[in-house]
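*Asks:* Generate coordinates for the sequence data below:
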Amino acid sequence: MPKNVGLVNVAYSPNLGDGVIAECLSAILLQHFGWRAHNVDIAGRHGFGEAPRRSLMLRTLSTMPPPVRRASVRLALAVKHMRDERPLTNPADLVLVGGGQLLQDDDLNFPLKLRRVLNEAAKLKIPVAVVSAGVAGTWSDLGLSMIREALAKCDVIAIGLRDPGSLSNWKRLFGDLALPQAQLCPDPAIGIATLMPELRRQGPREGPARIGVNITNPMVLARHGRTALPSHRDALAAWAGLVRAIATSGRTPVMFTNGSPEDEEFLSEVMAALGTSSTAVRLRKAANPIDLVRAIAGLDALFAYRLHAAIVGVSYDVPVIGFRWDDKLAAFFEYAGLGEFAMDLHSTPAGELLAAVDRAADARYDAVRARMRDSSQDLLVRFLAQTLACCDNRPTKAETALHVG
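*Replies:* Numbering: from 1, shown residues only. You can find the predicted model right below:
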């Protein structure tokens, strides 16, 4: 009888990159092991398009001092969790936490939501593993204690983290807990071109090369990033300057986002700044993760801040320039052997960025990308094989419900 996995994640986030992770992890579990997976979105979402006031909320939170932000988030989630219908019920023999940057504080948002799910898994005696997760380095004392206490209650059978920086942060923040030793377990999306080869563009391009420009609202970068970033006005000017340089080079700028409403709003500002005479093409917002992947896989090159736009591009052998804004993007490019292509949008002239993306298209980097893709997939599959084997001798929990509001 096939076993069932509850994937604890933010799969239905408006940022469809999180959904890409969930799609890949589900595909690996089914294709390699025959295990069925279902998403347990820690925000309680059941599908896409459930964030009607997200932009307003982020703008409001950005005006608050940190203590007020944390108190506001805690109150809002307490009310939500009392109001939410219970249960979201699915059978689960194992809870996999990941991937994505789930182990972060973000004004207690992630600790409160993740603690709730972990406590439920502990109560129901369902084993827990962390897979391909990112671990932030900066936490509040309260947020860190929430996750430490929740993990200590759980039957944690394996810990896999997606990059060396996350391994280092885990050791410093959680290494003293009586938990399995953390291992490197790369992001599932790195292997998406192997899992879903049918999404790759077929045949040569007719007409000008299409260069993707993956737009991110600077408000989001300022909220989550670890480096100082230019103002909204400067960001608008930098994006518009890059797009004009792409068009001047005879290529078609293809403008899109990962789906978040705030990114779509900023993309509208960029398009307005470019004017009606621009040759830039704006893609319709992707409806789901597969639509986003298909759009990226069909490009000739890509400029991106969003990590999973960059990961998908690299997996499908699209030359990618990733714009530095926090540790996780730079960590991925270093891990991939493409560190020189993690650059700064604001301090690098547009001509140098175009020259860099042309270098990234050199055939020698195809081999670099292929080695990274294959080795990452092997590491992840081995980690999952070991983790799932730990469940084989345990009593089945298939009739036990995992409740998440």
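
*Asks:* which residues of the stretch 101-250 of the chain fall in strands?
*Replies:* 128-135, 156-161, 182-184, 210-214 (DSSP state E, counting those that start in this stretch).

*Asks:* wait, the stretch 251-400 of the chain
*Replies:* With DSSP E, counting those that start in this stretch as the criterion, the stretch 251-400 of the chain has strands at 252-256, 281-282, 301-304, 320-323, 342-343.

*Asks:* can you redo the ones you listed as TSV with mean neighbour count, mean pLDDT and distance to D366?
*Replies:* C-beta coordinates here come from the backbone N, C-alpha and C atoms, glycine included. Shown next, in TSV, are these (neighbours: other C-beta atoms under 10 Å; pLDDT from 0 to 100; distance: least, C-beta to C-beta, whole Å):
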stretch	mean neighbour count	mean pLDDT	distance to D366
strand 252-256	22	98	22
strand 281-282	16	98	26
strand 301-304	26	98	14
strand 320-323	26	97	13
strand 342-343	18	96	19
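
*Asks:* Could you point out which of these sits nearest A385?
*Replies:* strand 320-323 (29.9 Å; C-beta to C-beta).

*Asks:* Packing partners of the closest one?
*Replies:* In terms of contacts (3 or more C-beta pairs under 8 Å, 6 or more residues apart in numbering; DSSP states H and E), strand 320-323 is packed against strand 301-304, helix 307-315, helix 327-335, strand 342-343, helix 350-360.

*Asks:* Least confident of these, on average?
*Replies:* Per-stretch mean pLDDT for the helices and strands packed on strand 320-323 is lowest at helix 327-335 (a mean of 90).

*Asks:* Centre of the chain to stretch 259-275, how far?
*Replies:* Chain-centre distance of stretch 259-275: 21 Å, with C-alpha atoms, centre = their mean, to the nearest Å.

*Asks:* mind listing what's buried in it?
*Replies:* Neighbour counts using 16 or more other C-beta atoms under 10 Å place 259-264, 266-267, 269-271, 274 of stretch 259-275 among the buried residues.

*Asks:* Might you list the low-confidence residue ranges for the chain?
*Replies:* Residues of the chain meeting the criterion pLDDT under 70: 1-2, 50-89, 223-229, 393-405.

*Asks:* In the lengthiest helix in the chain, which of the residues would be classed as buried?
*Replies:* Determined from DSSP state H, the single longest helix within the chain is helix 364-392. Neighbour-count burial for helix 364-392, counted by 16+ other C-beta under 10 Å, picks out 365, 369, 372-373, 376-377, 379-381, 383-384, 387-388, 391.

*Asks:* With distance to Y316 as added columns, please give the residues you listed in TSV.
*Replies:* Shown next, in TSV, are these (distance: C-beta to C-beta, whole Å):
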residue	distance to Y316
Y365	13
R369	9
M372	13
R373	9
S376	14
Q377	14
L379	20
L380	18
V381	20
F383	23
L384	23
T387	27
L388	28
C391	33
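
*Asks:* of those residues, closest to P91?
*Replies:* Nearest to P91 among those, with distances taken as C-beta to C-beta, is C391, at 13.3 Å.

*Asks:* show me the contacts for that closest one.
*Replies:* C391 makes contact with 3, 93-94, 127, 157, according to C-beta atoms under 8 Å, 6 or more residues apart in numbering.

*Asks:* Recalculate using a threshold of 6 Å.
*Replies:* Contact analysis of C391 by C-beta atoms under 6 Å, 6 or more residues apart in numbering lists 93-94.

*Asks:* now T138
*Replies:* Contacts of T138 (C-beta under 6 Å, 6+ apart): none.

*Asks:* about what we covered before: can you redo the helices and strands packed on strand 320-323 as JSON lines with distance to F33?
*Replies:* Listed next are those as JSON lines, based on distance: least, C-beta to C-beta, whole Å:
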{"stretch": "strand 301-304", "distance to F33": "31"}
{"stretch": "helix 307-315", "distance to F33": "21"}
{"stretch": "helix 327-335", "distance to F33": "25"}
{"stretch": "strand 342-343", "distance to F33": "34"}
{"stretch": "helix 350-360", "distance to F33": "34"}
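
*Asks:* any idea which of these is most buried?
*Replies:* Greatest average neighbour count among those goes to helix 307-315 (a mean of 29), per mean count of other C-beta atoms under 10 Å.

*Asks:* and the angle for it with helix 327-335?
*Replies:* With axes from the mean of the first three to the mean of the last three C-alpha atoms, to 10 degrees defining the directions, helix 307-315 sits at 10 degrees from helix 327-335.

*Asks:* which strands and helices sit next to helix 307-315?
*Replies:* Judged by 3 or more C-beta pairs under 6 Å, 6 or more residues apart in numbering; DSSP states H and E, the packing partners of helix 307-315 are helix 192-195, helix 289-297, strand 320-323.

*Asks:* just those: most buried one?
*Replies:* Ranked by mean neighbour count under mean count of other C-beta under 10 Å, the helices and strands packed on helix 307-315 are led by strand 320-323, which reaches a mean of 26.

*Asks:* What strands flank that one, and is each parallel or antiparallel?
*Replies:* Strand 320-323 pairs in its sheet with strand 301-304 (parallel), strand 342-343 (parallel), by DSSP bridges.
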